[in-house]
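Trainee: Just the structure for this:
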Amino acid sequence: MDYEQARFNMIEQQIRPWEVLDPKVLDLLMKVKREDFVPALYQSLAFVDMGIPLGHGEYMWAPVIEARALQAVQVKATDRVLEIGTGSGYFTALLASQAANVVSVEIHADLRDEADKKFHAHGYTHIQTRQGDGARDWQLDGHFDVIVLTGSVPLLPEAYLKRLSPGGRLFAIVGEGPAMAATLITRMAPGAQRTDILFETVAKSLANAVEPERFVF
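Mentor: This next block holds a predicted model:
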């Protein structure tokens, strides 16, 4: 398989048409090798517009979701980043390629361990992985400039907004199927924030995500 041609086709045929035009993002998608983070069984599908199974019912985001999320959060070289849901580690690597430091939390020990091996193999020394349940909050590691939830949440936990530094950005897919909203929240000042709805999509929910109250007759 010609991975470089497949990568080019992914960017030109999937990513650009979905309004991802930031040259820094497009450059990263060329440099960080997606196929290196895809399970061996699915490597031939590394550039297909689909979620790729990782086990435990978890999936890699489709390439267009990764690209739109990366463009939205606008990671800077000085940023501290929190990622909830390490998964394959590919999106973690994209974040780390721009940030000063990334803390990535994964609930499944085997996924965390496999991602750790890939980070070490590719020289990502400024990623700290944590095994734990981060669906509702992550009380360790302080405040962050960027937070990304890689699974959807029916409701966005308020706790994460308190972990954003001034000017910080949070990306999450919020809602329940069949329509969920990819959402960017920017903390403008203490107690003040801006919410931008970016696009509609569907993604698997984070394990143990906060559920809305259900009315029972």
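Trainee: which helices and strands sit right next to the lengthiest helix in the chain?
Mentor: The longest helix of the chain (DSSP state H) is helix 109-121. Helix 109-121 is packed against strand 52-55, helix 90-96, strand 101-106, strand 127-131, with contacts defined by 3 or more CB pairs under 8 Å, 6 or more residues apart in numbering; DSSP states H and E. For glycine as for every other residue, the C-beta is placed from the backbone atoms N, C-alpha and C.
Trainee: how about a cut-off of 6 Å?
Mentor: Applying 3 or more CB pairs under 6 Å, 6 or more residues apart in numbering; DSSP states H and E, we find helix 109-121 packed against strand 127-131.
Trainee: List of residues touching the strand it packs on?
Mentor: Outside of strand 127-131, the residues that reach it under the criterion CB atoms under 6 Å, 6 or more residues apart in numbering are Ala96, Val102, Val103, Ser104, Val105, Ala109, Arg112, Asp116, Phe119.
Trainee: Tell me the strands beside the following helix or strand past that strand, with direction?
Mentor: Next along the chain after strand 127-131, taking DSSP states H and E as the criterion, comes strand 144-149. Strand 144-149 has the following strand partners under DSSP bridges: strand 80-84 (parallel), strand 164-176 (parallel).
Trainee: Not counting its neighbours along the chain, what's nearest the residue nearest the centre of the chain?
Mentor: Closest to where the C-alpha atoms of the chain average out (CA atoms, centre = their mean) is Thr150, at 4.1 Å. Nearest residue to Thr150, sequence neighbours excluded (CB to CB, 6 or more residues apart in numbering): Gly85, at 3.6 Å.
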